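Student: I would like the atomic coordinates for the input below:
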Amino acid sequence: METVGIGMIGSGFMGLTYSEVVSHHASGCKLVAITGGKRSEKLAADYSVPCEPTVESLLARPDVAAVVLATPDQDRPRLTRLAAAAGKHVLAEKPMAPTVAECDQMIADCSAAGVNLAVVKTERFRKITQRAKQLIDDGTIGPIRMMRTVSAFPLSLTKQLFEERPWMADSRGGGLFMGMASHNADFLRWLTGRNAVKVFAQATTFSDVAAPAQSVMAQIEFEGGIMAHMWITSELPSPSLPSSEVRFQVFGRDAMFDLENFEFLDLGKGDKWERIYSPERFDYLKEPKSPVRLFPHIGVIQEFVDSIREQRAPKVGGVEGRAAVEICEACLISARKGEAVSLPLKGGASPG
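Tutor: Numbers count the residues shown, from 1 in each chain. Sure thing, here's the model as predicted:
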């Protein structure tokens, strides 16, 4: 296959993101149609492609070989089933789905249809996170012993998000917690190369936001006895915490590093700290098409397209997406039961 025709399902901020990437940055692919969402007609016009009236009509197009699901997570299992049945490869935004059971169904649907299922994991494609991973792989840190990750946002921003994206309060979805924590959980797995084996968590909503689990603290045990702590909250008072949007700290036998996705990567070794990487800055809201912002998304699309053209499994596929959801779901189950939860989850346990 010389050029992979891609259909975009979803026309919000991420629909715009991936339309821009496919149209102007990734190679071996082209944007051929868009559907879904109130902005679909404008987005299609902006990229000079047809706006299909329904998902079904987009999937019926012979020039669509693959689809990007830039949709709410609760919609992705159904859309994956439809796309797989139509013989289309699937790239699903994160979290892959709200539950492990739905992830399993997505994997099964794509496997039965013989199509690729990839999941968006941008943390694996950032320059700064790849540099951090190198510190582990080249032995600078030594064997990992402990990790800590925080994603914390002020309540004022959360209320604005819920106004703009009311689907985030839908009880069928993973909400803001999974939207954030699926990144953190996947990154911890990727850094260590290990699976989580036990989770103990607390979850609540302290504010008047009409959605559960706006604040979650979890202790996660990984294979080999590696200890990790994950704190996800979207209801801090202003001005919130500095350098806390996506923060990772990793402590090894020989050294440690401190990372904030958009600010710094610091290495602590011997008797000093050293700044070893500072990412390029951009304005997330004012510069959605900035090449700096798009860099990890380009990596995600390019790997997906290459997997199709090379007729191989994607490097970040359904199994990886499922594993991150499993950690998140285990947090909610543990919080509800008030006890530690062992992984893997058995029988597609529900967090409800």
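Student: only C-alpha atoms for contact and neighbour calcs from this point on.
Tutor: Will do.
Student: what helix or strand does the residue nearest to Ser207 when sequence neighbours are not counted sit in?
Tutor: Once flanking residues are discounted, Ser207 sits nearest to Glu235: 6.7 Å by C-alpha to C-alpha, 6 or more residues apart in numbering. Assigned by DSSP states H and E, Glu235 falls within strand 226-236.
Student: just Pro53 next, same as before
Tutor: Residue-wise, Pro53 maps onto no helix or strand under DSSP H and E.
Student: can you check Glu221 too?
Tutor: According to DSSP H and E, Glu221 maps onto strand 215-222.
Student: List the contacts of that strand.
Tutor: With contact meaning C-alpha atoms under 8 Å, 6 or more residues apart in numbering, strand 215-222 is reached by 177, 194-206, 227-235, 331.
Student: Restricted to buried residues, select those residues in ChimeraX.
Tutor: Only the buried entries of the contacts of strand 215-222 go into this ChimeraX selection, using 16 or more other C-alpha atoms under 10 Å:
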select :177,195,196,197,198,199,200,201,202,203,204,205,227,228,229,230,231,232,233,234,235,331
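Student: Contacts only, for Ala118.
Tutor: If you count contacts by C-alpha under 8 Å, 6+ apart, Ala118 has them with Val90, Leu91, Ala92, Phe304, Pro314, Lys315, Val316, Gly317, Gly318.
Student: now with 10 Å?
Tutor: Contacts were defined as C-alpha atoms under 10 Å, 6 or more residues apart in numbering; by that measure Ala118 touches 68, 89-93, 96, 107, 300-301, 303-305, 307, 313-321.
Student: repeat for Lys289
Tutor: Leu16, Thr17, Tyr18, Glu20, Val21.
Student: From Arg61, how far off is the first one?
Tutor: Think Leu16. Here Leu16 is placed at a distance of 21 Å from Arg61 (C-alpha to C-alpha, to the nearest Å).
Student: Compare neighbour counts for the two and give me the winner.
Tutor: Between Leu16 and Arg61, counted using other C-alpha atoms under 10 Å, the more crowded position is Leu16 (21 against 15).
Student: the helices in the stretch 151-300 of the chain, which residues?
Tutor: Applying DSSP state H, counting those that start in this stretch to the stretch 151-300 of the chain gives helices spanning 155-164, 175-192, 291-309.
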